[in-house]
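A.B. asks: Dropping a prediction and its sequence here:
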Amino acid sequence: MKNPPDRDRNKTITRRSFAVGAAAAATAALIPSTALTQSTTPEAAHQQPSAMEKLSLQSRAEVEMKVSEIFRKYGSRLNDEQKADIRRIMAEGQEGLEKMRAFALQNSDQPATVFRTYRERQGS
């Protein structure tokens with residue numbers, strides 16, 4: 001018995017799902033590993049402002065959009081603690097994204113490194 005076309009479509013990776021996954025991985029790479037392992041106590045949370053409070057209104061809206069999309073897809077599988085962690089991690093990653101976006105590049109700017117598909121031979 002053949003699978004319905006919808007099932008086959010869900011097994012293949014699309015450009016959109018790849019881009020979403022790559023963006024999530026890039027965001028996770030920007031977050032310091034110590035931020036992921038720190039446990040926040042209620043006392044520590046009151047002493048320092050949250051990452052969300054440091055962001056501009058536009059950045060807050062972007063974080064909320066990303067968080068709502070994650071909750072739309074996976075919200076039924078997440079508990080309240082996991083949802084709070086996702087919201088915190090996305091807010092902390094937004095600061096790095098703003099810094100990258102602020103760095104002006106022209107289309108003619110060359111990359112910092114050059115990709116070479118082979119090694120040049122020594123002495124040739």
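C.D. replies: Now that the structure is in, tell me what you want to look at.
A.B. asks: For the protein, which residues score under the pLDDT cut-off?
C.D. replies: The model of the chain has pLDDT under 70 over residues 1-11, 26-48, 120, 123-124.
A.B. asks: give me the element Ala61 is part of.
C.D. replies: Assessed by DSSP states H and E, Ala61 sits inside helix 57-74.
A.B. asks: could you say what helices and strands that helix packs with?
C.D. replies: Helices and strands touching helix 57-74, by 3 or more Cβ pairs under 8 Å, 6 or more residues apart in numbering; DSSP states H and E, are helix 80-102. (Each C-beta comes from the backbone N, C-alpha and C, glycine too.)
A.B. asks: Check which residues of the helix it packs on are buried.
C.D. replies: Of the residues in helix 80-102, those buried by neighbour count under the rule 16 or more other Cβ atoms under 10 Å are 86-94, 97.
A.B. asks: What helices and strands are in contact with it?
C.D. replies: Counting contacts by 3+ Cβ pairs under 8 Å, 6+ apart, helix 80-102 packs against helix 15-30, helix 33-37, helix 51-54, helix 57-74.
A.B. asks: export these to CSV and tack on distance to Ala104?
C.D. replies: Listed next are those as CSV, based on distance: least, Cβ to Cβ, whole Å:
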stretch, distance to Ala104
helix 15-30, 19
helix 33-37, 27
helix 51-54, 22
helix 57-74, 18
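A.B. asks: Make TSV out of the ones you listed and add mean neighbour count.
C.D. replies: Below are the helices and strands packed on helix 80-102 laid out as TSV (neighbours: other Cβ atoms under 10 Å):
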stretch	mean neighbour count
helix 15-30	12
helix 33-37	9
helix 51-54	14
helix 57-74	14
